[in-house]
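S.K.: Give the three-dimensional model of this entry:
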Amino acid sequence: MSIAKQGTHRGRAKPGAGGGGRFFHVEVRPARNFIRFRVQALGGTGGIERVAGQRASGSWDTQKWLISKERAHIENGMLVADTKEVGELLTALGSPVRRVTGDRFKAQPRRKIPESEKPTAAMRRAQLRNIRKAQAARREPERGRA
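M.R.: A predicted model of the protein is given here:
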């Protein structure tokens, strides 16, 4: 009798499930939401990598983060940063990072901001910055005419 008929073979394991790789996988959004993926190295090789996914609509978003085992470790089931960059990433996730299995973790993307709380302070700053840029661009040609 083959292994498949016995029911012991489950197919291909997900990356990081066995715990033998070089990275911890911190999933932010499920892979089923995306049709194409791209890996971007941040801050040099072997540190932090972002796996970006493209939706059917064409927009890109972060699907998961890959954190080198040289820059973080596991303590009591929690992912603990060994470097400043990884610490900043883990705090920027905005939710606790829960261990799933092996080297795989899950985190929520960001909290949804209700419409009643908008525009936020960051949104206001961005709007003002964009207005100043547009005003400066308008003034540039005037200086060249004189």
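
S.K.: Relative to the whole chain's centre, how far out is the longest strand seen in the chain?
M.R.: When the chain is scanned for its longest strand (criterion: DSSP state E), the result is strand 60-68. Strand 60-68 has its C-alpha centroid displaced from the chain centroid by 4 Å (C-alpha atoms, centre = their mean, to the nearest Å).

S.K.: Other residues contacting stretch 41-61?
M.R.: For stretch 41-61, the surrounding residues in contact (C-beta atoms under 8 Å, 6 or more residues apart in numbering) are 22-23, 29, 31, 33-40, 62-68, 70-71, 83, 85-86, 89. Just so you know, the C-beta spots here come from the backbone N, C-alpha and C atoms, and that holds for glycine as well.

S.K.: cutoff 6 Å now
M.R.: Contact with stretch 41-61 is made by 34-40, 62-64, 66-68, 71, 85, as judged by C-beta atoms under 6 Å, 6 or more residues apart in numbering.

S.K.: quick revisit: and the next helix or strand past the longest strand of the chain?
M.R.: strand 72-75 (DSSP states H and E).

S.K.: Direction included, what does that next one pair up with?
M.R.: Paired strands of strand 72-75, with direction, are strand 78-81 (antiparallel) (DSSP bridges).
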